[in-house]
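In: no sequence on this one, just coordinates:
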């Protein structure tokens, strides 16, 4: 009345119903009617490792969220703050979810999870979708473009970024001013807070961390626990820019002249302020016994492959570059020494200064030569 059979794993490779029957051989014998043997699957516990994009602009439209991880099943569902969202199964490591405009109507940090039903299954730990007003990050040297370099100075523009205005007064720089913080999530997934120079409701000046990975990075600005700005920026090993005296990236270069005469070096200004007005101080190249150099300042240059990879033109004339690197005691500021200036520049007045750094050209600034 009883038989036992060994069932190989290959017979249980997929969920479904299998027919089981007994056969007695001839003579006589025959086959019984089949009995259904149900094979059920036990879902693996899902694991979430990433979401893309990781930010959304508050008040924006619906979009598709890519969720990555492992152990996803065909009946896995992406949830936003615990609520199911329409989900498409791509494979065991990728799901696509439809995020509605209502999901991102207001600034918040939305919890993204994946739920897989029983048997087995479960809910993943949360990934965070940061929702906030659009914030734009640019190099602080010339306030344009979408690329910054590690250990360079950047500026974020937006609205409601801070509750007031405050500047850092210590080194190393703080990562919080007036309870405002800036978090950078780089291509490797690493998150870190950026050191801050200055915060205000409309602008933040910050130092890009030295170890941020190259590629697109996400910027998250918080005031206390509230997300007040989100955006993206590209990170490259260099993004050379020069500061100008008027802080616009245009006009007279930020720097000084160095005059060498008979073993004596003296610094001379290239500009001065008369009240609120910035006035050029024409640079006199002096007699033949004088050698005049420029010491100018920028950011995003220190990652250059070598000093030889930096080329300088002043007034369209090639000028030797003798040094490029971090400026002593100035966070994020790079120094470039040029010269001696050729005497052919004498009397030309305001002339352009342009650097090429590893084949990337800086913004154009100028110096006034008497």
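Out: Cool, got the structure. The structure presented is a predicted model; accordingly, all values stated were derived computationally and were not measured.

In: Which strand residues bridge residue 255?
Out: residue 296 (DSSP bridges).

In: got the contact list for it?
Out: 270, 294, 295, 296, 297 (CB atoms under 8 Å, 6 or more residues apart in numbering). Any C-beta I mention is one placed from the backbone N, CA and C, and that applies to glycine too.

In: who wins for neighbours among those?
Out: Within those, neighbour counts (other CB atoms under 10 Å) peak at residue 296, which reaches 24 neighbours.

In: Pretty sure residue 22 sits against residue 32.
Out: Yes - counting by CB atoms under 8 Å, residue 22 does reach residue 32; the two are 4.7 Å apart.

In: Quick check: residue 194 vs residue 173, distance?
Out: Separation of residue 194 from residue 173 (CB to CB, to the nearest Å): 9 Å.

In: For the two, work out which one has more neighbours and name it.
Out: A direct count of neighbours by other CB under 10 Å for residue 194 and residue 173 places residue 194 higher, at 21 against 17.

In: residue ranges of the strands in the stretch 151-300 of the chain, please?
Out: 153-157, 166-167, 180-185, 191-193, 196-199, 203-207, 215-223, 226-235, 241-242, 255-261, 264-269, 271-274, 277-280, 291-299 (DSSP state E, counting those that start in this stretch).

In: picking that back up, got CSV for the contacts of residue 255, with distance to residue 347 too?
Out: Output for these, formatted as CSV (distance: CB to CB, whole Å):
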residue, distance to residue 347
270, 17
294, 17
295, 22
296, 21
297, 26
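
In: Which one of residue 22 and residue 32 is surrounded by more residues?
Out: residue 22 (13 against 10).

In: hang on, the earlier thing: residues bridging contact with residue 194 and residue 173, i.e. touching both?
Out: Joint contacts of residue 194 and residue 173 (CB under 8 Å, 6+ apart) are residue 207.

In: Pick out whichever of the contacts of residue 255 sits closest to residue 39.
Out: Relative to residue 39, the closest of the contacts of residue 255 is residue 297; by CB to CB it sits at 71.8 Å.

In: can you pull the contacts of the closest one?
Out: 242, 243, 253, 254, 255, 327, 330, 333, 334, 335, 336.

In: gap between the two ends of stretch 44-53?
Out: 26 Å (CA to CA, to the nearest Å).

In: same check, this time on stretch 94-109
Out: End-to-end distance (CA to CA), stretch 94-109: 22 Å.

In: how about the nearest residue to the spatially most central residue of the chain, chain neighbours excluded?
Out: The geometric centre of the chain, computed from its C-alpha atoms, lies nearest to residue 217 (CA atoms, centre = their mean), at 2.3 Å. Spatial nearest neighbour of residue 217, chain neighbours left out: residue 186 (4.6 Å); criterion: CB to CB, 6 or more residues apart in numbering.

In: returning to what we had before: highest average neighbour count across the strands of the stretch 151-300 of the chain?
Out: strand 241-242 (a mean of 28; mean count of other CB atoms under 10 Å).

In: So what's the model's average confidence on the helix or strand hosting residue 366?
Out: Per DSSP states H and E: residue 366 is located in strand 365-369. Across strand 365-369, the average pLDDT comes to 98.

In: So, low pLDDT: which residues of this structure?
Out: 13 (pLDDT under 70).

In: Assess the claim that residue 324 and residue 356 are in contact.
Out: No - taking contacts as CB under 8 Å, residue 324 lies outside contact range of residue 356: 11.7 Å.

In: anything in contact with each of the two?
Out: Joint contacts of residue 324 and residue 356 (CB under 8 Å, 6+ apart) are residue 310.

In: Who are the contact partners of residue 135?
Out: Residue 135 neighbours (CB under 8 Å, 6+ apart): 156, 157, 158, 161, 219, 221, 228, 229, 230, 231.

In: Looking at those residues, spot the one nearest residue 249.
Out: Nearest to residue 249 among those, with distances taken as CB to CB, is residue 157, at 14.3 Å.

In: Nearest spatial neighbour of that closest one, chain-adjacent residues omitted?
Out: residue 136 (4.9 Å).

In: Same question for residue 328.
Out: residue 335 is the one closest to residue 328 (CB to CB, 6+ apart), at 7.9 Å.

In: how close does that neighbour sit to residue 47?
Out: Separation of residue 335 from residue 47 (CB to CB): 48 Å.

In: now do residue 288
Out: 74 Å.

In: quick one: which of the two has more around it?
Out: Neighbour comparison, residue 288 and residue 47: the larger count goes to residue 47, with 15 against 7 (by other CB under 10 Å).

In: related to what we said a few turns ago, and the strand holding residue 366, what other elements does it pack with?
Out: strand 349-357 (3 or more CB pairs under 8 Å, 6 or more residues apart in numbering; DSSP states H and E).

In: Next, the angle from the strand it packs on to strand 255-261.
Out: For strand 349-357 against strand 255-261, the angle by axes from the mean of the first three to the mean of the last three CA atoms, to 10 degrees is 100 degrees.

In: what is the residue lying closest to residue 184 once chain neighbours are set aside paired to in the beta sheet?
Out: For residue 184, the nearest residue in space outside its immediate sequence neighbours is residue 217; the separation is 5.2 Å by CB to CB, 6+ apart. For residue 217, the beta-bridge partners under DSSP bridges are residue 233.

In: Good, we can wrap up now.
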